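Novice: Got a predicted model here, sequence first, then my questions.
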Amino acid sequence: MTIKNWNFGIFVCDLWNSLDVYFSTASILHLCCISVDRYYAIVKPLKYPINMTKRVVFIMLLNTWVSPALLSFLPIFIGWYTTEEHKNYVKRHPDRCEFIVNKPYCVISSSISFWIPCTIMIFTYLAIFREANRQEKQMMARQGNAMLMHRHSEDARAVSGVSNNTGEALSGSGSSKTLTLHEVEQDHTPTKDKHLIKMKREHKAARTLGIIMGTFILCWLPFFL
């Protein structure tokens, strides 16, 4: 990055470059934390309250804000990020603001800022979408079975109302079907309905975040290649 006709001095130039690295890294790490949170919420819901406690979330957010500072302000102001030639060039040309990095800083910063979080996000969202598809197939299968059992129960009631001569046999069959219908109705209790609604909301939120993260990664990918 090069800014010609820089009139604010070397210190402000270093501050500008540090803030650029800091906020871009923090934004990527925040998306990585969100993907991990959604992974436990959808793929491992039973472990979610145990693993994603307030203390764990606090540590994740703290690292999200502290790590970019160690990657931006510290090496840039100390001068670890660039070459000796560029340091001498900056002293001779204080009217320009350039961000030239050396190979070690380039590898470390790009790995922490992009490649490692990007890899985590890809693997977590692949697992999320795989689990979401599996849960949706299960819900569709349950709904189909419930409708089929409800039809059989209605047919049994209709037959028992018409055939009065075989009351005992049909009453036994009717009671069995009525019990099956009762089980179907129990499968749609308010608690389970709330669970299904919550599950659908989490799946919708995961898809939306997946689109946002995918767009974000595609926009940043040319910069880090």
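Specialist: Alright, I've got the coordinates.
Novice: which residues in this protein form helices?
Specialist: Secondary structure of the chain (DSSP state H): helices at 9-42, 48-51, 54-78, 84-92, 103-110, 116-162, 167-186, 190-224.
Novice: Could you list the single helix or strand in this structure with the lowest mean pLDDT?
Specialist: Of all regular secondary-structure elements in the chain, judged by mean pLDDT, DSSP states H and E, the least confident is helix 167-186 with a mean of 47.
Novice: From V90, how far off is L46?
Specialist: Per C-beta to C-beta, to the nearest Å, L46 is found 55 Å from V90. Using the backbone N, CA and C atoms, a C-beta is placed for each residue, glycine as well.
Novice: ok, of the helices of the chain, where does mean pLDDT dip lowest?
Specialist: If you rank the helices of the chain by mean pLDDT, helix 167-186 sits at the bottom with a mean of 47.
Novice: before we move on, back to that, L46 and V90: which is more packed in?
Specialist: The residue with the greater number of neighbours, taking L46 and V90 and applying other C-beta atoms under 10 Å, is V90; the counts read 18 against 8.
Novice: who are the neighbours in contact with that one?
Specialist: Neighbouring residues of V90 by C-beta atoms under 8 Å, 6 or more residues apart in numbering: 10, 13, 96, 98.
Novice: change it to 10 Å
Specialist: V90 is in contact with 10, 13-14, 79, 82, 96-98, 100, counting by C-beta atoms under 10 Å, 6 or more residues apart in numbering.
Novice: Quick check: the gap between it and D37.
Specialist: Remark: distance between V90 and D37 (C-beta to C-beta) = 42 Å.
Novice: What count of nearby residues applies to F123?
Specialist: That count, for F123 with other C-beta under 10 Å as the rule, works out to 12.
Novice: er, R134 I mean
Specialist: 11.
Novice: Show me the contact partners of stretch 205-221.
Specialist: Surrounding stretch 205-221, the residues in contact under the criterion C-beta under 10 Å, 6+ apart are 24, 27-28, 31-32, 34-35, 37-39, 41-42, 113-114, 117-118, 121-122, 124-126, 128-129, 131-132, 224.
Novice: at 7 Å instead, please
Specialist: Contacts of stretch 205-221 from elsewhere in the structure, counted by C-beta atoms under 7 Å, 6 or more residues apart in numbering, are 31, 34-35, 38, 42, 114, 118, 121, 125, 128, 132.
Novice: Show me what counts as buried in it.
Specialist: For stretch 205-221, a neighbour-count test (16 or more other C-beta atoms under 10 Å) marks 206, 209-210, 213, 217, 220 as buried.
Novice: can you tell me which two in the residues you listed are farthest apart?
Specialist: The most widely separated members of the buried residues of stretch 205-221 are A206 and W220, with 20.8 Å between them, by C-beta to C-beta.
Novice: would you list the contacts of V90 in a markdown table and tack on neighbour count?
Specialist: Listed next are these as a markdown table, based on neighbours: other C-beta atoms under 10 Å:
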| residue | neighbour count |
| --- | --- |
| I10 | 14 |
| C13 | 20 |
| D14 | 20 |
| G79 | 13 |
| T82 | 19 |
| R96 | 15 |
| C97 | 22 |
| E98 | 16 |
| I100 | 14 |
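Novice: would JSON lines of those with distance to T53 be doable?
Specialist: Formatted as JSON lines, the contacts of V90 follow (distance: C-beta to C-beta, whole Å):
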{"residue": "I10", "distance to T53": "45"}
{"residue": "C13", "distance to T53": "42"}
{"residue": "D14", "distance to T53": "38"}
{"residue": "G79", "distance to T53": "40"}
{"residue": "T82", "distance to T53": "41"}
{"residue": "R96", "distance to T53": "49"}
{"residue": "C97", "distance to T53": "44"}
{"residue": "E98", "distance to T53": "45"}
{"residue": "I100", "distance to T53": "43"}
